[in-house]
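> here's my sequence, what's the structure:
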Amino acid sequence: MKNTNTEARAPAHHISTARGDALATATGGASANGRMRVAFVDLYAGYDARRGDIDVAMQEVIESSDFILGQAVTDFERDFASYCEVEHAVGVDSGLSALELTLRSHDVGPGDEVITAANTFIATVAAIEIVGARPVLVDMLPDSYTMDPERVRAAITPATKAVIPVHLYGQ
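Numbers count the residues shown, from 1 in each chain. Model (predicted):
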């Protein structure tokens, strides 16, 4: 739902959803129908903290009309490669594309298995399936929500070509 409020942003518990429910803050609260609603992510908070830098960068892109694979991407790739102390870096459009590119660069494809976390985001499994491999999901440790190493070991077969560990909840 598009936020049309240009004056000030309402607190999370006052933002309306497409159904008219109120979103509850993470500390509690209920919507008009009594069900708990928690905002998935607050992109505005991140934007608000860097508003000046973001607005300048967006204005530069708009004024140059350099929207796709332009100078900003070239500069980012160069700067990120330097930061990582590597020769090259490639910017992509999403995490899904990054995972797909990584799998393809390691010749993962049909007939291969890739082990990953059962509680991962859909993009991890989608990337595995896009390259033609079979995802093998392993359960997590209850205290960290990361893959259980013993279950990873047990899931390894001759067809296992890769393991994609997933960084979750600061772990």
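> could you give the separation between the terminal residues of stretch 104-122?
18 Å (Cα to Cα, to the nearest Å).
> distance from that stretch to the middle of the chain?
16 Å (Cα atoms, centre = their mean, to the nearest Å).
> tell me what Met147 is bridged to.
Met140 (DSSP bridges).
> over to Val163?
In beta-bridge terms (that is, DSSP bridges), Val163 pairs with Ile115.
> check it and give its pLDDT.
Here, the pLDDT recorded for Val163 equals 98.
> pretty sure it contacts Arg153?
No. Assessed by Cβ atoms under 8 Å, Val163 is found out of contact with Arg153, at 10.2 Å. Quick note: C-beta positions are derived from backbone N, CA and C, even for glycine.
> those two - which one has more neighbours?
Neighbour totals were compared for Val163 and Arg153, and Val163 leads with 16 against 10 (other Cβ atoms under 10 Å).
> next one: the more buried one from Ala117, what distance?
Distance of Val163 to Ala117, computed by Cβ to Cβ, to the nearest Å: 10 Å.
> next one: Ile128
Per Cβ to Cβ, Ile128 is found 12 Å from Ala117.
> shared neighbours of those two, anything?
Both Ile128 and Ala117 are contacted by Ile164, under the criterion Cβ atoms under 8 Å, 6 or more residues apart in numbering.
> give me the more crowded residue out of those two.
Neighbours per residue, other Cβ under 10 Å: of Ile128 and Ala117, the larger number sits with Ile128, 27 against 24.
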